[in-house]
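Q: give me a model of this one.
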Amino acid sequence: MRRNAVRLLLAMLVALAAWLVAPGSPAQAAVPDSPAVTYTNPIAEKRADPHIFKHTDGYYYFTATVPEYDRIVLRRATTIQGLSTASEVTIWTKHSSGVMGAHIWAPEIHYIDGKWYVYFAAGSTSDVWAIRMYVLEGTGANPLTATWTEKGQITTTWESFSLDATTFVVNGVRYLAWAQRNPSEDNNTSLFIAKMANPWTIQGTPAELSQPTLSWETVGYKVNEGPALIQHGGKVFLTYSASATDANYCLGMLTASATADLTNPASWTKSSTPVFQTSAATSQYGPGHNSFTVSEDGKSDILVYHDRSYKDISGDPLNDPNRRTRVQKVYWKADGTPDFGIPVADGVTPQRFSSYNFADRFIRHWEYRAKIEANVSPLADSQFRVVSGLAGTGTVSLESTNFPGYYLRHKNFEVWVEKNDGTTAFASDASFYQRAGLADSAGVSYEAYNYAGRYIRHYDYLLYVQAASTTTAQADATFYAQ
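A: Next up is the predicted model:
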């Protein structure tokens with residue numbers, strides 16, 4: 001019996017070794033849980049502090065600050081892109097006198113216990129800077145036609161400048177987070193959190209989570225504001241905006257365990273550098289005051305934010321009306337933390353391409369050479385916009401995200417990222433036919449426009465344009481869009 005067991009074990013080991021070295025049997029990565037999703041930016045012009053909420057009725061609801069600072073508006077659509085052309089309804093207008101009579105800012109819409117709630121900030125006609133937080137309650141299935149009532153001001157520790165209320169549930173507990181001026185501090189606003197007794201009332205003593213102390217939080221003004229929460233992998237991430245609302249505006253982030261006491265400041269760790277900031281390369285300036293939503297298929301997290309398409313502002317940034325709403329996909333690092341990359345260029349949002357047979361490796365450029373690699377940093381090195389082919393005739397070209405105007409192209413059958421020089425030769429070398437994946441139709445393969453039968457493939461982790469006549473080559477030439 002023992003001898004037979006030994007023979008069986010040896011046979012199994014030999015079979016395993018043969019399988020590991022068998023030619024023509026490349027490993028296959030699983031189809032990604034979060035496939036590619038693309039949008040065309042901007043979603044809405046002259047709409048700042050955007051908030052997009054996906055409801056169970058199949059609609060996305062969108063609200064934002066209007067440049068007149070005088071009303072609260074709502075749109076809805078069944079897709080995020082559809083919000084760009086959806087009709088807009090005013091659900092509430094500022095008071096003609098007294099409180100809630102000026103500076104109507106940063107509305108957010110939420111659905112809680114069968115009713116709609118809008119959180120917003122407002123000043124008074126007697127003092128436009130007496131900014132406080134207020135709540136509206138809406139009754140009705142559709143908030144655009146709901147009956148709205150004012151629930152009043154959210155009372156906090158101090159009667160001081162306060163704004164940007166957001167609410168969320170972690171482990172069954174509902175919280176409110178917001179920005180407020182702490183009278184004992186030499187800054188504009190810090191971040192606070194408290195549990196909620198009901199949708200318009202906090203309970204207990206608020207905890208201060210962060211104050212602006214780092215250099216990138218104190219440019220122009222000392223600001224921590226606009227908190228927004230996203231949960232992933234047992235952790236919670238609270239993004240916030242910092243500095244003045246010009247090109248210096250940027251996002252920071254606090255991180256905590258989802259099982260920790262979120263009202264204990266010690267539970268949170270603060271990022272030492274911005275997690276999202278101006279990108280001159282893509283002409284996006286001052287990205288901030290974000291929120292989060294999810295893609296139509298529910299498989300991708302989406303960052304929603306505003307920025308401007310230019311750096312220089314004449315006068316007070318608050319009087320410049322041209323902040324606009326934008327969206328882009330959030331990617332998750334191997335350690336479970338979010339990677340927001342850079343604010344991408346206007347137009348279609350980029351994608352990433354993972355290898356069919358090396359699941360953790362993505363197409364990227366490094367010193368302009370194209371390769372596949374894991375744990376890509378910066379993220380934008382592995383993001384490409386799939387645009388109409390430079391050569392036309394049904395082709396596509398893959399444009400670098402952080403080097404707009406640079407494309408994946410082949411030369412001497414090696415794949416590089418190079419700037420379009422406007423020549424016919426470049427257009428031909430940078431154009432490809434997008435095919436169903438050679439090794440998996442759920443993936444994608446790119447056939448060279450000017451060399452039929454040659455595809456972008458990896459070999460020793462570098463990208464080439466080569467024939468794909470073997471099983472291994474077909475696997476190497478197959479990628480998943482993410």
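Q: how far away from the center of its chain is stretch 36-51?
A: Stretch 36-51 sits 11 Å away from the centroid of its parent chain (CA atoms, centre = their mean, to the nearest Å).
Q: and that stretch, how far apart are its ends?
A: Stretch 36-51 has its terminal residues 22 Å apart, counting by CA to CA, to the nearest Å.
Q: if you count neighbours, what's buried in that stretch?
A: Going by neighbour count (16 or more other CB atoms under 10 Å), the buried part of stretch 36-51 is 36-37, 39, 41-44, 46-51. In this view, the C-beta of every residue, glycine as well, is placed from N, C-alpha and C.
Q: now do stretch 127-138
A: Neighbour-count burial for stretch 127-138, counted by 16+ other CB under 10 Å, picks out 130-138.
Q: what sits up against stretch 423-441?
A: Contacting residues not belonging to stretch 423-441 are listed as 26, 28, 31, 356-357, 386, 389-392, 394-398, 407-411, 418, 420, 443-450, 455-456, 468, 471, 474-475, 477-480 [CB atoms under 8 Å, 6 or more residues apart in numbering].
Q: list the buried residues of that stretch.
A: Using 16+ other CB under 10 Å as the test for burial, stretch 423-441 gives 426-433, 435, 437-440.
Q: quick one: end-to-end length of that stretch, please.
A: First-to-last distance for stretch 423-441 - CA to CA - comes to 33 Å.
Q: go on, stretch 170-187?
A: Counting by CA to CA, you get 29 Å between the two ends of stretch 170-187.
Q: stretch 273-291 too?
A: End-to-end distance of stretch 273-291 (CA to CA): 19 Å.
Q: same question, stretch 337-357
A: Per CA to CA, the first residue of stretch 337-357 is 24 Å away from its last.
Q: tell me, please, where in this protein the pLDDT is lower than the cut-off.
A: Scanning the chain for pLDDT under 70 picks out the ranges 1-27.
Q: picking up where we left off before, would you mind listing which of the contacts of stretch 423-441 are buried?
A: Buried, going by 16+ other CB under 10 Å: 26, 356-357, 386, 389-391, 395-398, 407-410, 418, 443-449, 455-456, 468, 474-475, 477-480, out of the contacts of stretch 423-441.
Q: can you tell me which of these are in strands?
A: Those of these mapping onto strands are 386, 396-398, 407-410, 418, 444-448, 455-456, 479-480, per DSSP state E.
Q: centre of the chain to the helix or strand where V73 lies, how far?
A: Following DSSP states H and E, one finds V73 within strand 71-77. Strand 71-77 has its C-alpha centroid displaced from the chain centroid by 21 Å (CA atoms, centre = their mean).
Q: sheet partners, orientation included, of it?
A: Note on strand 71-77: by DSSP bridges, its sheet partners are strand 60-65 (antiparallel), strand 89-93 (antiparallel).
Q: W366: which of those is closest?
A: strand 60-65 (37.3 Å; CB to CB).
Q: could you give the separation of that closest one from the chain centroid?
A: With CA atoms, centre = their mean, you get 16 Å for strand 60-65.
Q: likewise stretch 257-268?
A: Relative to the chain's own centre, stretch 257-268 is displaced by 24 Å; criterion: CA atoms, centre = their mean.
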